[in-house]
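Asker: just coords:
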């Protein structure tokens, strides 16, 4: 698959590299495209991309020395007794020829796991006042990266010119990658593969045949993604396999901490740390309802944060034996049983992501924004609301419902119902009813009491640049 987007990320790395001796850090979960980004970016700057291996430090240094020797002949002819000697020689060679970098070390956690003292060695190297070489490090083990770079007590804390998490690709780029403007089909694609470029790459050869892609890649026990969650957890450093039961019960529909604890037979108070780890790894999302304080709210829900993993834990996990024993047409029935629900939730997710960008759309609702990020709202037996958010000036409150398809009567009922909803933190704001409909057909974008937003509008704004998480 051709390289897609990442303009903001490359821009940040470019700005860092413009300063001699810069140091940048990237992290993010596996499959999100860190290596591809770094290969593309370093290639544009005459850089040197290297990737660490799982081995003992002496072997790791030998492998990296061989990679460096592609730029500096004879670099690998020396046996480096420690990382300090390796890094010192690298700086000397770079200075000798006036090479500013970038020098990229991918999967840094492999090196730190084998030699925890390496982080301090890199700190001393980075802090050396004469260093001119631009350096970038990255890692998929987010727990290890946090421990080495992001925690206040970490050796490399506060030293990075740029430090950011690489997030999944914006869903709007599905249209570019798959060469289609069938917007409803793109909703189906997003419900399967989310924004993970590796999954897109695997699915691309199947074209429009979703059933073949799902069975060959996921349902078939020999498929490359059939064991994906286990691999994601096992490849963390240290392995995070002990967190798997939490993913199983959350993926099966237990979203409150009390429910998760009940199904696992554990006290809810013992789950805060493992749940935090899953959130930091980008596998689980903590949600609080609109109007609640995210720091103190006790109405939090935990949900699988990736569409593909939602599919896996809903379809594969409970039917592992059946997947081994059944032919493709039978395996597909398990997916089809949940397909509508998975796509419905994915559509809600897409709509919430689009709301802060709606003011950029060619749509009548654009003039009412910009809006803040959208939240869901729920409380007891009250009607759940898919999207609620005020505009930046807090004059209006967008209140939305997301449906894969709807009639004019559905739209009318929703726009009428909005006035009667009990919503917090909305006193004095004009309510703006919006129905998000993936397949809007002939529905007008402007109706008597509100607006209709279709999948075309959602995917179009979801190609826009967004801020990076720091």
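Answerer: Ah, there it is. Worth saying up front: this structure is predicted, and the values here are computed from it rather than measured. Numbers count the residues shown, from 1 in each chain.

Asker: Contacts only, for the closest residue to residue 177 other than its chain neighbours.
Answerer: Leaving aside its sequence neighbours, residue 177 sits nearest to residue 200 (CB to CB, 6 or more residues apart in numbering; 5.2 Å). All C-beta spots, glycine's among them, are computed from the backbone N, C-alpha and C. Counting by CB atoms under 8 Å, 6 or more residues apart in numbering, residue 200 makes contact with 1, 169, 174, 177-178, 193.

Asker: lowest confidence element among the helices and strands of this protein?
Answerer: When the helices and strands of the chain are scored by mean pLDDT, DSSP states H and E, helix 142-145 comes last with a mean of 72.

Asker: For that one, which outside residues touch it?
Answerer: By CB under 8 Å, 6+ apart, helix 142-145 touches 25, 27-29, 108-109, 112-113, 139, 236-238, 240, 277, 280-282.

Asker: Now do the strands in the stretch 351-470 of the chain.
Answerer: 375-377, 385-390, 396-405, 430-439, 451-454 (DSSP state E, counting those that start in this stretch).

Asker: Any chance of TSV for the ones you listed, columns mean pLDDT, mean neighbour count and distance to residue 232?
Answerer: Listed next are these as TSV, based on pLDDT from 0 to 100; neighbours: other CB atoms under 10 Å; distance: least, CB to CB, whole Å:
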stretch	mean pLDDT	mean neighbour count	distance to residue 232
strand 375-377	97	19	26
strand 385-390	97	22	29
strand 396-405	97	22	28
strand 430-439	96	22	29
strand 451-454	97	24	34
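
Asker: And those strands: which comes nearest residue 364?
Answerer: strand 451-454 (6.1 Å; CB to CB).

Asker: Now do that closest one: which elements does it pack against?
Answerer: strand 430-439 (3 or more CB pairs under 8 Å, 6 or more residues apart in numbering; DSSP states H and E).

Asker: Run a quick neighbour tally on the closest residue in space to residue 220 that isn't next to it in sequence.
Answerer: Counting by CB to CB, 6+ apart, residue 220 lies nearest to residue 226, which is 6.5 Å off, once chain neighbours are set aside. Applying other CB atoms under 10 Å, we find 19 residues neighbouring residue 226.

Asker: Could you verify my assumption that residue 226 touches residue 316?
Answerer: Yes: contact criterion CB atoms under 8 Å: residue 226 and residue 316 qualify, at 7.0 Å.

Asker: For those two, list the residues in contact with both.
Answerer: 218-219, 323.

Asker: Could you export those residues as a markdown table, including pLDDT and secondary structure?
Answerer: Converted to a markdown table, the shared contacts of residue 226 and residue 316 look like this (pLDDT from 0 to 100; DSSP: H, G, I helix; E, B strand; the rest coil):
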| residue | pLDDT | secondary structure |
| --- | --- | --- |
| 218 | 98 | helix |
| 219 | 98 | helix |
| 323 | 95 | helix |
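
Asker: Which members of those are classed as buried?
Answerer: 218-219, 323 (16 or more other CB atoms under 10 Å).

Asker: I'd like the residues you listed laid out as a markdown table, including distance to residue 45.
Answerer: Below are those laid out as a markdown table (distance: CB to CB, whole Å):
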| residue | distance to residue 45 |
| --- | --- |
| 218 | 37 |
| 219 | 42 |
| 323 | 45 |
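
Asker: Go through the strands of the stretch 351-470 of the chain and name the closest to residue 336.
Answerer: Per CB to CB, nearest to residue 336 of these: strand 396-405, 14.9 Å.

Asker: So what touches that closest one?
Answerer: Contacts of strand 396-405 (CB under 8 Å, 6+ apart): 184, 187, 340, 343-344, 347-348, 351, 355, 365, 368, 371, 374, 385-391, 410, 414, 418, 421, 423, 426, 429-439, 441, 453.

Asker: Residue 278 is in contact with residue 249, isn't it?
Answerer: No: contact criterion CB under 8 Å: residue 278 and residue 249 do not qualify, at 11.7 Å.

Asker: which element follows the one helix or strand residue 303 maps to toward the C-terminus?
Answerer: Taking DSSP states H and E as the criterion, residue 303 maps to strand 301-304. On the C-terminal side of strand 301-304, the closest following helix or strand by DSSP H and E is helix 307-311.

Asker: Low-confidence regions, the stretch 101-250 of the chain specifically.
Answerer: Within the stretch 101-250 of the chain, the stretches with pLDDT under 70 are 142.

Asker: now with 80?
Answerer: Scanning the stretch 101-250 of the chain for pLDDT under 80 picks out the ranges 141-152, 237-238.

Asker: quick one: the strands in it?
Answerer: Going by DSSP E, counting those that start in this stretch, the stretch 101-250 of the chain shows strands at 103-106, 135-139, 162-165.

Asker: Deepest in the core, which of those is it.
Answerer: strand 135-139 (a mean of 26; mean count of other CB atoms under 10 Å).

Asker: Contact partners for the closest residue in space to residue 399 that isn't next to it in sequence?
Answerer: Among residues not flanking residue 399 along the chain, residue 418 sits closest, at 4.8 Å (CB to CB, 6+ apart). Residues near residue 418 by CB under 8 Å, 6+ apart: 399, 431, 433, 449-450.

Asker: Among the residues you listed, which pair sits farthest apart?
Answerer: 399 and 449 (11.1 Å).

Asker: just to revisit the earlier point, residue 278 and residue 249: which has the busier surroundings?
Answerer: Set residue 278 next to residue 249 and count neighbours by other CB under 10 Å: residue 278 wins out with 22 against 18.

Asker: now stretch 33-52: how far from the chain's centre is it?
Answerer: Relative to its chain's centre, stretch 33-52 lies at 20 Å (CA atoms, centre = their mean, to the nearest Å).

Asker: backbone phi and psi for the nearest residue to residue 47 once chain neighbours are set aside, please?
Answerer: For residue 47, ignoring the flanking residues on the chain, the nearest one in space by CB to CB, 6+ apart is residue 102 at 4.1 Å. The phi/psi pair for residue 102 (degrees, to the nearest 10) reads phi -80, psi 150.

Asker: Next one: residue 102 from residue 150, what distance?
Answerer: Distance, residue 102 to residue 150, using CB to CB, to the nearest Å: 21 Å.

Asker: can you count the residues close to residue 9?
Answerer: 20.

Asker: Looks like it contacts residue 165 (just checking).
Answerer: No: in this structure residue 9 lies outside contact range of residue 165 using CB under 8 Å: 10.1 Å.
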